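Q: fold the following and give me the result.
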Amino acid sequence: MRSMSSLDLALVGNGTIGALIDPDGRIVWGCFPRFDGDPTFCSLLGGSGEFGIELADVVRHEQEYLPNTPILVTRLFDDSGGAVEVTDFAPRFRQFGRLFCPMMLVRRLKRIGGNPRVRIRLQPTYDYGRARRTTTCGSNHVRFEGGGDRDDLVLRLTTDVPVTAIVEENSFFLEDTATLLLGPDETVQEAVSDVGVRFFGETAAYWQEWVRSLAIPFEWQDAVIRSAITLQLNVFEDTGAIVAAVTTSIPEAAGSGRNWDYRYCWLRDAYFVINALNRLGATQTMERYMGFILNIVADGNAVGGALQPLYGITGHRSADEQVVASLPGYRDMGPVRIGNEAYRQVQHDVYGAAILAATHVFFDRRLVRRGDDALFRRLEPLGERAAALFDQPDAGLWELRGAARVHTFSSVMCWAGCDRLARVAAHLGLAERAAYWRRHAEHIHGVISARAWNKKLDSFTATLDGDSLDASLLRLNELGFLSDDDPRFAGTVRAIGRDLRRGDFIFRYVEADDFGPPQNAFLVCTFWYINALCALGQRDEARALFENVLACRNRHGLLAEHIDPTTREQWGNFVQTYSMVGLIGAAIRLSVRWDQAF
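A: Residues are numbered from 1 along each chain as shown. Here you go, the predicted structure:
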């Protein structure tokens, strides 16, 4: 029994690698040696690479995460009482005083009933599905080579299953348990089963303790916990970068051609993600992410102050885009793209985003590294660029590839950068610099208020001197540009609800772009709308819309980037960090307070 290709998938990972597993227990996507690597398993995009545990005569399956962990359990049942349980995870725990998160997937098989007969189909590919890896067998391992002579491109499966059963894909009766360790080409020094048991116990304990440290709302606890874990799984542990998603080229809508590689770190997301981490109390992750952003800022200053919209997870600047002909795409809806040409775009909001992200360093007394005069001076060149560019055309946060316009959101983010520099300077006792940045902020605020406010629409508009809307205007209050009780904010929210709402969801915009009119709703925009309604005191409607979005999650509580407002099917890259962050923020805003809950 095989599931049709869909986003009813679970994510397992450890901060080095991430893998997506379908309801049948097949690993259908997984990149090695890290998030942005070659997809060894690529059947999600139509390739042949996958890692399946098949039960003969299977009739049904069950699947769930172990509570408060990203450890996935799949149970398969045959037509004669046989059953097997597959436990999937990537090791992550503290060892020898540091975090241990190797390039490794662990699959543990256990007989839970009858006489199950299983077959293991391990078919890793390389070069984006162009070829199967060659195999070399040892006494209890199989090496998979391909894609050059780099050691990190050679994978080794170490197992207590007979090697011939793996290589020849022979079926066998599972008498008790079996362990499969797929990772680097290194010898496993212990018994495979012992390693599997130990890694499982240590990994489960790590995540359960991590969840215990979170500050979560009283309501929707399971949804927030799952979102927090998923957010953590999208953090590249080596640098602290957070990817938008672990996939590439899942289309935003059927046959739309809107297929992009999201295995990168967008500076725009920094402020929103850091806000979510701060609210959760995940300060260590927040601090490392800010470190990544500050290193990007330092690199930008070294090359003249210009920042890109997105960066590789190691901080590299290049993300050249190309189409991969070897993969037909999700449901044969290509093209499959690797790299993202948006890194070349001019997007002025990134200067404000970087400053806003760094502002936490100056005010959060929990952090080990605190902001000082030297860091403030490093941020000022970003403010200068924001002040100079706020009224200049750019591609905007939606990364339009056709024509540049002066986007209101970009202008507001430039204002926010100058505003926060004024606040930081005042906090540091730098009165002259505080006054300098306050003058810039007030000037930008005045220009935006004059040119982006449309009296006829009773709303701010997507562009200066424009007459259309986009959902980013819902952020005006949270960024501090408008107060919650400003009638202009209420007017803008009403206008967006009137023009951009389709059913229970908010579109980011509705005008045709380079690919035609948008077909699906951008999920995080609905969360922004929920927050805006809540700020205006319309909590009942906000709660109803929030419950509606929660009902659209897949069986594991996960969200992609887009949703079809009619069928409610999820589309776009998966799991989408932005969507999960939106869920966290809305739940915290809407939930009853703990001290009023019981």
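Q: lowest-pLDDT helix or strand in the protein?
A: Each helix and strand of the chain was given a mean pLDDT (mean pLDDT, DSSP states H and E); the minimum falls on helix 283-302 at a mean of 83.
Q: elements contacting it?
A: Contacts defined by 3 or more C-beta pairs under 8 Å, 6 or more residues apart in numbering; DSSP states H and E place helix 283-302 against helix 268-280, helix 349-363, helix 373-389. Backbone N, C-alpha and C define where each C-beta goes, glycine included.
Q: let's have those helices in TSV, adding mean pLDDT.
A: Putting the helices and strands packed on helix 283-302 into TSV (pLDDT from 0 to 100) gives the following:
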stretch	mean pLDDT
helix 268-280	86
helix 349-363	93
helix 373-389	95
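Q: any idea which of those helices is most buried?
A: Highest mean neighbour count among the helices and strands packed on helix 283-302 (mean count of other C-beta atoms under 10 Å): helix 349-363, with a mean of 25.
Q: pull the CA atoms of that helix into PDB?
A: Output of helix 349-363 as PDB, limited to C-alpha atoms (Å, rounded to 0.1, in the frame of the first residue of the first chain):
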ATOM      1  CA  ASP A 349      13.800  45.800   4.200                       C
ATOM      2  CA  VAL A 350      16.800  43.600   5.000                       C
ATOM      3  CA  TYR A 351      18.600  46.500   6.700                       C
ATOM      4  CA  GLY A 352      15.800  47.000   9.200                       C
ATOM      5  CA  ALA A 353      15.400  43.300   9.700                       C
ATOM      6  CA  ALA A 354      19.100  42.900  10.600                       C
ATOM      7  CA  ILE A 355      18.900  45.900  13.000                       C
ATOM      8  CA  LEU A 356      15.700  44.600  14.600                       C
ATOM      9  CA  ALA A 357      17.200  41.200  15.100                       C
ATOM     10  CA  ALA A 358      20.300  42.600  16.700                       C
ATOM     11  CA  THR A 359      18.400  45.000  19.000                       C
ATOM     12  CA  HIS A 360      17.600  42.000  21.400                       C
ATOM     13  CA  VAL A 361      21.300  41.900  22.200                       C
ATOM     14  CA  PHE A 362      21.200  45.300  23.800                       C
ATOM     15  CA  PHE A 363      18.100  44.800  26.000                       C
END
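Q: which helices and strands does that helix pack with?
A: For helix 349-363, the packing partners by 3+ C-beta pairs under 8 Å, 6+ apart are helix 268-280, helix 283-302, helix 373-389, helix 408-427.
Q: rewinding a little: make TSV out of the helices and strands packed on helix 283-302 and add distance to Glu145.
A: What follows is the helices and strands packed on helix 283-302, written out as TSV (distance: least, C-beta to C-beta, whole Å):
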stretch	distance to Glu145
helix 268-280	36
helix 349-363	40
helix 373-389	45
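Q: same question for the next helix or strand after the least confident helix or strand of the chain, mean pLDDT?
A: Using DSSP states H and E, the helix or strand that follows helix 283-302 towards the C-terminus is strand 310-311. Mean per-residue pLDDT for strand 310-311: 94.
Q: what about strand 310-311, distance to the chain center?
A: 14 Å (C-alpha atoms, centre = their mean, to the nearest Å).
Q: stretch 129-140 now?
A: Here the centre of stretch 129-140 is set off from its chain's centre by 31 Å, with C-alpha atoms, centre = their mean.
Q: tell me which residues in that stretch are buried?
A: Neighbour-count burial for stretch 129-140, counted by 16 or more other C-beta atoms under 10 Å, picks out Gly129, Arg130, Arg133, Thr135.
Q: need the phi and psi values for the last one.
A: I take that to be Thr135. Taking degrees, to the nearest 10, you get phi -120, psi 150 for the backbone angles of Thr135.
Q: over to the one 4 residues further on?
A: Recorded main-chain torsions at Ser139 are phi -70, psi -40, according to degrees, to the nearest 10.
Q: excluding chain neighbours, what is closest to it?
A: In space, and not counting its chain neighbours, Ser139 is closest to Val163: 7.4 Å by C-beta to C-beta, 6 or more residues apart in numbering.
Q: I'd guessed that neighbour sits against Gly138; true?
A: Yes - between Val163 and Gly138 there is a contact at 7.4 Å, judged by C-beta atoms under 8 Å.
Q: Ile53: neighbour count?
A: 23 (other C-beta atoms under 10 Å).
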